[in-house]
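Chemist: task: produce atomic coordinates for the following.
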Amino acid sequence: MRLPENLRESLKRPLGLLLKDSKVTKENILKNIPKEAFLITVGDATTEKMIKLGLDPSIQIVDSVEKRRKRDLPEGRVQTTLHCNNPAAEITEESITVIKKGFKEVVPVRIIVNGEEDLLVLPVVVYAPENSVVMYGQPNEGLVIVAINQKIKDNAKKIMALMA
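Modeler: Next up is the predicted model:
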C-alpha cells in the first residue's frame with residue numbers, strides 16, 4: 001500500500017491526544033492511559049523516551065532513524081526481535097504480517113524496520129488488542145497517545161483502504 005499525495009496532509013493530524021513536548025512527563029502520560037494498558041511505541045525517540053521514563057513498551061517499532069538521521073537503537077530489555085522491510089510512504093504486507101506476529105510473541109517485542117516505520121501506526125492500531133495504547137511522536141510538537149477503541153480502529157482501516 002502506498003500513501004497517495006491527497007492523504008499526506010490529513011495524516012499530519014494526530015490520531016489521538018497530543019501532549020506538547022514540554023508536557024511529556026511520566027505523570028502526564030500515566031494520567032492519559034488506562035491502568036495496565038498494553039503499551040506500543042512507534043518510533044525510535046518515542047521508544048527511548050518511554051524506556052527512560054520507566055514505561056516499558058510491550059511492542060516497540062523502530063527503524064534506527066530519527067528526523068532522517070541514522071541513530072543507535074534505543075536501549076532496553078527486549079525478549080523477542082522481529083524484522084521487516086517497509087519503504088517510506090508505504091505499508092507492506094510483510095510489515096503487517098510481522099506486526100500481527102508481534103502481538104503473539106513473548107513481550108517486550110522489538111520490530112526493527114528496514115525502511116521507515118511512520119505509517120506502521122495504522123496497522124498497529126488496526127491489530128492491537130483491547131486495552132492497548134499506541135504512542136508515537138508528532139515531529140516538532142510532542143507525543144501522540146492513542147487509546148485503542150473501535151472508532152480509532154475503523155478510522156485506521158478506512159485510511160489504509162484509501163492507500164490500497
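Chemist: what about P34, distance to N114?
Modeler: P34 is 33 Å from N114, where distance means C-beta to C-beta, to the nearest Å. (Each C-beta comes from the backbone N, C-alpha and C, glycine too.)
Chemist: and for E27, the neighbour number?
Modeler: 9 (other C-beta atoms under 10 Å).
Chemist: same check, this time on T47
Modeler: Other residues near T47 number 28, with proximity taken as other C-beta under 10 Å.
Chemist: again, but for the one 3 residues further on
Modeler: Applying other C-beta under 10 Å, we find 23 residues neighbouring M50.
Chemist: are we agreed that it is in a strand?
Modeler: No - M50 is assigned helix when assessed by DSSP: H, G, I helix; E, B strand; the rest coil, not a strand.
Chemist: can you pull the pLDDT of E66?
Modeler: Per-residue pLDDT puts E66 at 70.
Chemist: all helices for this structure, in order.
Modeler: Assigned by DSSP state H, the helices in the chain fall at 5-8, 26-31, 44-52, 93-102, 121-127, 150-163.
Chemist: next, the angle from the longest one to helix 93-102.
Modeler: In this case it means helix 150-163. 160 degrees (axes from the mean of the first three to the mean of the last three C-alpha atoms, to 10 degrees).
Chemist: ditto for the third one
Modeler: Here helix 44-52 points in a direction 10 degrees away from that of helix 93-102 (the same axes, to 10 degrees).
Chemist: the helices of the chain: lowest mean pLDDT?
Modeler: For the helices of the chain, the bottom mean pLDDT is recorded on helix 5-8, which sits at a mean of 88.
Chemist: next, the buried residues of stretch 98-115.
Modeler: By neighbour count with 16 or more other C-beta atoms under 10 Å, stretch 98-115 contains the buried residues 98-99, 102-103, 107-113, 115.
Chemist: before we move on, what about stretch 140-147?
Modeler: Buried-residue list, stretch 140-147, by 16+ other C-beta under 10 Å: 142-146.
Chemist: and if you look at stretch 35-44?
Modeler: 37-44.
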